[in-house]
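Asks: below is the sequence, then the predicted model.
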Amino acid sequence: MTEPNQATRRERGHRRSVFSGIQPTGVVHIGNYVGAIRHWAGMLDDYDCTFCVVDLHAMTVPYEPQEMPQKVFETFIINIAAGLDPERCCLFVQSHVPQVTELCWMLMTCSSMGELSRMTQFKDKSEKLGGQVSAGLFTYPVLMAADILLYKAEVVPVGEDQTQHLEFAREAARAFNARFGETFPEPEALFSEVPRLMGLDNKQKMSKSLDNHISLLEDRDEIWAKLSTAATDPARVRRADPGTPEICNIFTMHKAFSPPEDIEWSAHGCRTASIGCLDCKRRVTDNMAAELEPVREKYRELAADPGRVREIMAEGAENARQRARTNLAEARRSAGLL
Ligand code: SF4
């Protein structure tokens, strides 16, 4: 990623602000962890970080209202357990900061229907939903833009599937500023070099709904039960067949969880057929389980103290609301609403 002003700003002691949202799925898998949470946790010292569990976004598709509180709660604590230390970032629940919906409305008045209708994710999701497409699903990118702009985020960590939405947020900032005067910074995308894990089938993205995932809360035996039957390089039909680690999801898992010597052992052993796939999987299972054990431990500790979790949630929401009030007041003034 190009960040032309970063060095200069850092010299002035400015920590750039980062925002990202987390879907309240209740189940966080190793793909989420490697692709997002662990990467975000590594940014806490260098950036002013804001993360939120996006329950309002989750309303854009059918869901069970009675399940939502538990899903939000679990997602919140898994993210803390996985590294989003609330002492070092602002972590909150989206709907606890109602200012976001007002800014969303203001941005909607600056957004183009044509641009929204070109969003790939909208097309994909609406095809899956058949006739149940809500206006909320259509305007989802506007709410996402409101999330980002409400906290004046300068940097947004994105995966490839979110670049279009981030570009929309940049356009929303430009459109608002052009119409009402300079108010919001245009957020920049931060692309990371983190390994991208596929599902256990090695065909589709890892996903809870596709049931091809490993949850962060699974122990070594559960991880082994899944990995021992997971897809590998299809060219390795017999143990004596050499393989190509670069096309194998298990090797990507080594890159995500194993020390350099084990990554090298796996790559060399695969190419020369000096190890079998089960040897390779056993080693990555051990490394993965070792890294995730403290996450599970922290999760258990938090889950056993829901009162403390509610306090952390309330503190995060109050911190976010303070900034939201200030920035929304500025937007209101710009738009002539005060
Ligand atoms: Fe994949 Fe490892 Fe088997 Fe190679 S040896 S195909 S990297 S599981």
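Replies: Looks like it arrived, so ask away. Residues are numbered from 1 along each chain as shown.
Asks: report the mean per-residue pLDDT for the helix or strand hosting residue 298.
Replies: In this assignment (DSSP states H and E), residue 298 forms part of helix 277-303. Mean pLDDT, helix 277-303: 97.
Asks: equivalent analysis for stretch 64-76, please.
Replies: Averaged across stretch 64-76, pLDDT comes to 96.
Asks: again, but for stretch 216-224
Replies: Here the average pLDDT along stretch 216-224 is 96.
Asks: please apply the same query to stretch 19-27.
Replies: Stretch 19-27 comes out at a mean pLDDT of 90.
Asks: shaky segments in this protein?
Replies: Residues of the chain that meet the criterion pLDDT under 70 lie in 1-12, 131.
Asks: what ranges do the strands span in it?
Replies: Taking DSSP state E to define them, one finds strands in the chain at 17-22, 48-53, 90-93, 155-157, 188-190.
Asks: got JSON lines for those, with distance to the ligand and mean neighbour count too?
Replies: Just so you know, the C-beta spots here come from the backbone N, C-alpha and C atoms, and that holds for glycine as well. JSON lines is the format used below for the strands of the chain (distance: least, Cβ to the nearest ligand atom, whole Å; neighbours: other Cβ atoms under 10 Å):
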{"stretch": "strand 17-22", "distance to the ligand": "30", "mean neighbour count": "23"}
{"stretch": "strand 48-53", "distance to the ligand": "33", "mean neighbour count": "24"}
{"stretch": "strand 90-93", "distance to the ligand": "36", "mean neighbour count": "24"}
{"stretch": "strand 155-157", "distance to the ligand": "28", "mean neighbour count": "23"}
{"stretch": "strand 188-190", "distance to the ligand": "29", "mean neighbour count": "18"}
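Asks: for residue 120, which of these is the nearest?
Replies: strand 188-190 (15.9 Å; Cβ to Cβ).
Asks: now do that closest one: everything it contacts.
Replies: Contact with strand 188-190 is made by 1, 3, 18, 154, 155, 156, 157, 158, 163, 166, as judged by Cβ atoms under 8 Å, 6 or more residues apart in numbering.
Asks: state the distance from the nearest residue to the fourth one once chain neighbours are set aside to the ligand.
Replies: Sequence neighbours aside, residue 16 is the residue nearest to residue 154 in space, at 4.6 Å (criterion: Cβ to Cβ, 6 or more residues apart in numbering). Relative to the ligand, residue 16 is positioned 37 Å away (Cβ to the nearest ligand atom, to the nearest Å).
Asks: surely residue 16 and residue 47 touch.
Replies: Yes: counting by Cβ atoms under 8 Å, residue 16 touches residue 47, with 5.5 Å between them.
Asks: give me the common contacts of these two.
Replies: Common neighbours of residue 16 and residue 47 (Cβ under 8 Å, 6+ apart) are residue 155.
Asks: sorry, back to before: now tabulate the strands of the chain in TSV and tack on distance to residue 208.
Replies: Shown next, in TSV, are these (distance: least, Cβ to Cβ, whole Å):
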stretch	distance to residue 208
strand 17-22	13
strand 48-53	15
strand 90-93	20
strand 155-157	21
strand 188-190	25
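Asks: which residues does residue 203 contact?
Replies: residue 231.
Asks: what do you get for residue 239?
Replies: With Cβ under 8 Å, 6+ apart, residue 239 has these contacts: 273, 276, 277.
Asks: do residue 19 as well
Replies: Counted by Cβ under 8 Å, 6+ apart, residue 19 has contacts 49, 50, 51, 52, 147, 148, 151, 153, 156, 187.
Asks: and if we set it to 10 Å?
Replies: Contacts for residue 19 (Cβ atoms under 10 Å, 6 or more residues apart in numbering) come out as 47-52, 90, 144, 147-157, 169, 187.
Asks: which parts of the lengthiest helix in the chain are buried?
Replies: Using DSSP state H, we find that the single longest helix of the chain is helix 306-334. Buried residues in helix 306-334, defined by neighbour count with 16 or more other Cβ atoms under 10 Å: 309, 312-313, 316-317, 319-321, 323-324, 327-328, 331-332, 334.
Asks: do the same with stretch 155-169
Replies: Across stretch 155-169, burial judged by 16+ other Cβ under 10 Å covers 155, 156, 157, 158, 162, 164, 165, 166, 168, 169.
Asks: same check, this time on stretch 225-240
Replies: 226, 227, 230, 231, 232, 233, 236.
Asks: how about stretch 190-209?
Replies: Neighbour-count burial for stretch 190-209, counted by 16+ other Cβ under 10 Å, picks out 190, 192, 194, 195, 197, 198, 199, 200, 202, 206, 208.
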